[in-house]
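A.B. asks: Build the 3D model from these lines:
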Amino acid sequence: MPLSKPPLDDTGEVTPHDHHDISNEDRVIRRISEEHFVLDTKVSGGKRISTMAFQASSDGNRGMSVDLEASIIDAGLDAKIFVTTPKFFGSVWFLAGFLRAETFMVGYDPLPDNAHHGEVWGIFSKGRQKKLLNSAQWFVEVDGVFLPSAAA
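C.D. replies: Numbering: from 1, shown residues only. Predicted structure coming up:
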C-alpha cells in the first residue's frame, strides 16, 4: 500500500514527522558510499564505516536520508538493486522501531527522483552516531569494509 502524503510547511517542503504508515517492523535503509569509509589498519579489510555515515544533512530539513524498504517492495522493485548505484556500493539497515526507541522520528520524504525516500530526524550527537554505527546491519555488504555489528 502506498504511503500517505507527508506533512508540508507553507512552502511545500516536508516537515520533520514520525510517519504513521511506517511500522516499527519496517526496515529503513541507509546508503553507504566510499566517502563513508575510513582507513583503519586495526580492522579486517583495512577499512571501516565512519560515524559520519550517520549524520543529518547540512541542508533541507536536516534529516538523515534513507530509503524505505517496504515502499520499494510495494512498488515491485528489488530493494538491493534500488539502493545500489555507482555512487552507493553498499547499504545498512535499521528497524524503524529501533530508531524510534532512540527518540528519532522516521518519516516519508519523497523526492522527484526517489518516491521511496525517507528521513530520520533527531539529534545526531557523536555518541548517537556511534550507537547507530554499532547497531547497523548490512543490507548490501561491501567486501573489505568493517561494520562492528557484522564482526564475528
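A.B. asks: for the helix or strand harbouring residue 132, which positions count as buried?
C.D. replies: Secondary structure assignment for residue 132, by DSSP states H and E: helix 126-135. Neighbour-count burial for helix 126-135, counted by 16 or more other Cβ atoms under 10 Å, picks out 128-129, 132-133, 135. Every residue, glycine included, has its C-beta placed from N, CA and C.
A.B. asks: quick one: average confidence on it?
C.D. replies: The average pLDDT within helix 126-135 is 96.
A.B. asks: to the chain's geometric centre, what's the distance from the next helix or strand after it?
C.D. replies: Next helix or strand after helix 126-135 toward the C-terminus (DSSP H and E): strand 137-140. The chain centroid and the centroid of strand 137-140 are separated by 11 Å under Cα atoms, centre = their mean, to the nearest Å.
A.B. asks: is it true that residue 51 touches residue 133?
C.D. replies: Yes - with contacts counted by Cβ atoms under 8 Å, residue 51 reaches residue 133, the gap being 5.2 Å.
A.B. asks: Which strand or helix spans residue 81?
C.D. replies: Using DSSP H and E, residue 81 falls in helix 79-82.
A.B. asks: Heading C-terminal from that helix, find the next helix or strand.
C.D. replies: strand 88-95.
A.B. asks: Closest to the centroid, which residue in the protein?
C.D. replies: Central residue of the chain (Cα atoms, centre = their mean): residue 30, 2.5 Å from the mean position.
A.B. asks: Which positions in the helix or strand harbouring it come out as buried?
C.D. replies: Assessed by DSSP H and E, residue 30 sits inside strand 27-33. By neighbour count with 16+ other Cβ under 10 Å, strand 27-33 contains the buried residues 27-32.
A.B. asks: Closest one to residue 4 out of those residues, please.
C.D. replies: Using Cβ to Cβ, the shortest approach to residue 4 within the buried residues of strand 27-33 belongs to residue 28, at 17.3 Å.
A.B. asks: and the gap between the residue nearest to the centre of the chain and residue 147?
C.D. replies: Going from residue 30 to residue 147 by Cβ to Cβ, to the nearest Å gives 12 Å.
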